[in-house]
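only geometry, no sequence info:
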């Protein structure tokens, strides 16, 4: 096991480096010279040259990447063009909000989807199974930014039960309704896709276990149905938990649209504002951090899964 | 000469007489689809959506760009002529949805087509060549796999400065890795089968082995997977426009319309929800048709 953990960790390093290279390259995808965004359009050639030297842009790209990587590794992501604050502070301030949102969404999705998927998996082929499959398809087909708007129309505009966007304050207080009410609509919206995916996984995992011989044996031994189900769930749980972990990583990086609709002050909203103001350092830094979180979650899920079930270990 | 040969063959094949109801592969697929009412229904719906977009100039009751200050944000059925109401600049929502279908469907389908061509080819090369070339291609794909798809699309199109073309390039890049992986897996499986070895051993040129034996077996899974990506692509493409990264105003795009009408939910909530319904119907239909095709083409069941 220890050797496997080391191997997986080592395999993740080139991936992480590759991700950092893609993020570094983002600046060069931007139209025009990065220098031109800093200088007025009528700046003379000499000024441009001086500034290029100052920022190290005249040196080979490999050296530039190495220097950038060193700075990033030491926590220096540069400064925001929009407000001049260090990018790392902006990310730190918003990341917690996105973690909260993603974590709650996955938890809600799991609670709903696991029940739905288990029922469907036990009764595979019946109308209940087809209904759950229908819900799952709907879950992954709904554009969640649209669902967000529809929920706001229903619960904020028409019923006036919940606030349409924003937060109650900078620090989240889980005991106060004032704070919790802002979370409800974003969490429902974001849990939609994971509900579809987790329900599908649960359904196939449960129906697969239910068709195995040991289930027949348990039943033949006269075990009550709920205890048979307990065994089935225990065997179906690892793949479902793995999918749940992967969905957390996906939501961390994929909540940008929903956060934008709800003006939820997380990393996705930060990203969306950076796009509008063409704030490349913030864009680059946020994407790097979110992608790294995704890499680490995937790695953690893989290690967790192989601890539970050593058969699935990869080469 | 060829006519002489075919004349010599008896008109009826004896095996066909013995088993009159034997169906070929495509016959079986067609037979299954004919009784799959869910797929048929949503396939028809999808066809209607595509036709509506193609024939938008004939179907649209108004010019989708015609603004009017006096009829802004009117409800559906306004004056019995604006069936789905008007938007924040007084433009007819139905006409804009019809024209918007052209843009949104293109933004969704084009990246999948491009990614299928590029990713499929890369996967075919990686799978067939194996060894270091496979390593090189697949490790690069792994790097792009390490991004959540929404984030990668936003990152690339955001850095490139938005616009419909940049959005499509970004989405193509997002879909190349998964398609490459599917093609690579299928190719690796086929490559090690005996009939491929036999073809190579009899001296068939590589080009012909790839074309006749490998591609035929790889194309199915790749195309089915690609069809399931179109729904994701449409949602992502509209999402990019929604963020201001895709289509630019005043062009009608479902995502862009949704974002513009979002500001008017207090005045005209029903109209604000319309573009999303168009996206939802398209993506549900696409998903179910893709699932239906997958089930019908699965020879094992």
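On my side now, so go ahead. None of the values given here were measured: they were computed from a predicted structure.

quick one: pLDDT of residue B:54?
Model confidence at residue B:54, given as pLDDT, is 92.

list the contacts for the closest residue to it other than its chain neighbours?
Using Cβ to Cβ, 6 or more residues apart in numbering or on different chains and skipping the chain neighbours, the partner closest in space to residue B:54 is residue B:102 (7.4 Å). Every C-beta, even on glycine, is put in place using the N, C-alpha and C of the backbone. Taking Cβ atoms under 8 Å, 6 or more residues apart in numbering or on different chains as the definition of contact, the neighbours of residue B:102 are B:53, B:54, B:56.

near chain B, which residues of the stretch 51-200 of chain A?
Taking Cβ under 8 Å from any Cβ of the partner chain, the part of the stretch 51-200 of chain A that reaches chain B is made up of A:137-138, A:140-143, A:145-147, A:149-150, A:152-153, A:157-158.

So which of those residues wins on neighbours?
Counting neighbours by other Cβ atoms under 10 Å in any protein chain shown, residue A:146 comes out on top of those with 29 neighbours.

contact partners of the helix or strand harbouring that one?
Assigned by DSSP states H and E, residue A:146 belongs to helix A:144-151. Residues outside helix A:144-151 that contact it (Cβ under 8 Å, 6+ apart) are A:185-186, A:188-190, A:192-193, A:257-258, A:260-262, B:239, B:242, B:255, B:258, B:262, B:265, B:272-273, B:275-277, B:279-280.

Which of the residues in stretch B:241-261 are classified as buried?
B:241-247, B:251-261 (16 or more other Cβ atoms under 10 Å in any protein chain shown).

From start to finish, how long is it in a straight line?
In stretch B:241-261, first residue to last residue: 13 Å (Cα to Cα, to the nearest Å).

How about stretch B:154-174?
The first and last residues of stretch B:154-174 sit 10 Å apart, counting by Cα to Cα.

which secondary element of chain A has the worst mean pLDDT?
Across the helices and strands of chain A, the lowest-confidence element by mean pLDDT, DSSP states H and E is helix A:45-55, at a mean of 76.

just to revisit the earlier point, which SSE is the residue nearest to residue B:54 in?
With DSSP H and E as the test, residue B:102 turns up in helix B:93-129.

What's the mean pLDDT across that helix?
Averaging pLDDT along helix B:93-129 yields 92.

Same check on stretch A:25-38?
Average pLDDT, stretch A:25-38: 71.

ok, how many other residues are close to residue A:63?
Around residue A:63 there are 10 residues (other Cβ under 10 Å).

so how far is residue A:70 from it?
From residue A:63 across to residue A:70, the span is 11 Å (Cβ to Cβ, to the nearest Å).

sec struct for residue B:195, please.
Put simply, residue B:195 is helix when judged by DSSP: H, G, I helix; E, B strand; the rest coil.

residues in contact with residue 254?
No chain in the question, so chain A it is. Contacts for residue A:254 (Cβ under 8 Å, 6+ apart) come out as A:268, B:148, B:149, B:150, B:151.

wrong one, I was asking about chain B
Under the criterion of Cβ under 8 Å, 6+ apart, the contact list for residue B:254 reads B:97, B:100, B:101, B:104, B:238, B:241, B:275, B:276, B:278, B:279.

Could you say which helix or strand holds the last one?
According to DSSP H and E, residue B:279 maps onto helix B:269-297.

That helix - contacts with which helices or strands?
Other elements packing on helix B:269-297 under the criterion 3 or more Cβ pairs under 8 Å, 6 or more residues apart in numbering or on different chains; DSSP states H and E are helix A:127-141, helix A:144-151, helix B:25-34, helix B:37-54, helix B:93-129, helix B:215-242, helix B:254-262.

Could you tell me how far it lies from the centre of the chain?
Averaging C-alpha positions (Cα atoms, centre = their mean, to the nearest Å) puts helix B:269-297 12 Å from its chain's average.

for it, what is the average pLDDT?
Taken as a whole, helix B:269-297 carries a mean pLDDT of 89.

Then stretch A:63-83?
Over the span of stretch A:63-83, the pLDDT mean works out to 86.

Any chance you could list what contacts it?
So stretch A:63-83 is in contact with A:20-21, A:24, A:37, A:56-57, A:85-88, A:90-91, A:273-274, A:277-282, A:284-285, A:288, going by Cβ under 8 Å, 6+ apart.

Drop anything exposed from those.
Buried members of the contacts of stretch A:63-83, scored by 16+ other Cβ under 10 Å, are A:20, A:24, A:86-88, A:90-91, A:273-274, A:278-282, A:284-285, A:288.

Kindly state the pLDDT recorded for the spatially closest residue to residue B:95 that is not a sequence neighbour?
Once its chain neighbours are removed from consideration, residue B:95 has its nearest residue in residue B:60; the separation is 3.9 Å (Cβ to Cβ, 6+ apart). On pLDDT, residue B:60 comes in at 80.

Please name the residues that touch residue A:272.
Counting by Cβ under 8 Å, 6+ apart, residue A:272 touches A:256, A:259, A:260, B:243.

which phi and psi does the last one have?
The one in question is residue B:243. Residue B:243 has phi and psi values of phi -80, psi 0 when expressed as degrees, to the nearest 10.

so it sits right up against residue A:258, yeah?
No. Residue B:243 sits out of contact with residue A:258 when judged by Cβ atoms under 8 Å, with a separation of 11.5 Å.

got the angle for the helix holding residue A:146 vs helix B:215-242?
Put simply, helix A:144-151 runs at 40 degrees to helix B:215-242, going by axes from the mean of the first three to the mean of the last three Cα atoms, to 10 degrees.

Checking my notes, residue A:223 in a helix, right?
No. Counting by three-state DSSP, residue A:223 is not found in a helix; it is coil.

out of the helices and strands packed on helix B:269-297, deepest packed?
Here the criterion is mean neighbour count by mean count of other Cβ atoms under 10 Å in any protein chain shown, and of the helices and strands packed on helix B:269-297 the winner is helix B:254-262, at a mean of 26.

how far does the helix or strand hosting residue A:296 sit from the chain's center?
Assigned by DSSP H and E, residue A:296 belongs to helix A:280-308. Helix A:280-308 sits 9 Å away from the centroid of its parent chain (Cα atoms, centre = their mean).

what does the stretch 51-200 of chain B have sitting close to chain A?
By the criterion of Cβ under 8 Å from any Cβ, the positions of the stretch 51-200 of chain B lying close to chain A are B:139-140, B:142-144, B:146-151, B:154-156, B:158-162.

just the buried members of these?
Members of these classed as buried by 16+ other Cβ under 10 Å are B:140, B:142-144, B:146-151, B:154-156, B:158-160, B:162.

Next step: those residues restricted to helices.
Those of these mapping onto helices are B:140, B:142-144, B:149-151, B:154-156, B:158-160, per DSSP state H.
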